[in-house]
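Asks: Sequence first, then the predicted structure, then my questions.
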Amino acid sequence: MKTFHLTVARIGENLFDEEVVSVSLPGIEGTFQILAGHEPFVSLLTAGTVHIKNANGQGHSFETPKEGVAEISYSQATVLL
């Protein structure tokens, strides 16, 4: 199973930092999912829920009460809330 590194953070607080299989994010134009090897891009986020599936199959989620930004590359993703 292919994985990529995901970091989810707020100013002064690291919420999540590990290898994952997928992450679903609340984009301003709708929810989208990121998998390993995804084309690089940057997206604005809106209020909603971040759903994460880690390499062990465990699920994690974070509420995004306000806007944020996601930066995606082939082997990593950074979500700033």
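Replies: Thanks, I have the structure now. Numbering: from 1, shown residues only.

Asks: Not counting its own residues, what contacts the helix or strand bottoming out on mean pLDDT in the chain?
Replies: For the chain, the helix or strand with the lowest mean confidence is strand 59-64, at a mean of 92 (criterion: mean pLDDT, DSSP states H and E). Under the criterion Cβ atoms under 8 Å, 6 or more residues apart in numbering, residues 8, 15-16, 26, 45-54, 81 lie in contact with strand 59-64. Backbone N, C-alpha and C define where each C-beta goes, glycine included.

Asks: Quick one: name whatever helix or strand follows the longest strand that the chain contains.
Replies: Counting residues, the longest strand in the chain under DSSP state E turns out to be strand 13-27. Past strand 13-27, heading to the C-terminal end, the next element that is a helix or strand (DSSP states H and E) is strand 30-35.

Asks: which helices and strands does the helix or strand following that next one pack with?
Replies: Per DSSP H and E, the first helix or strand lying C-terminal to strand 30-35 is strand 41-45. Counting by 3 or more Cβ pairs under 8 Å, 6 or more residues apart in numbering; DSSP states H and E, the packing neighbours recorded for strand 41-45 are strand 13-27, strand 68-72.

Asks: list the contacts for the closest residue in space to residue 16 that isn't next to it in sequence?
Replies: Counting by Cβ to Cβ, 6 or more residues apart in numbering, residue 8 is the residue found nearest to residue 16 once chain neighbours are left out, at 4.0 Å. Applying Cβ under 8 Å, 6+ apart, one finds that residue 8 lies in contact with 14-17, 50, 52, 62, 79, 81.
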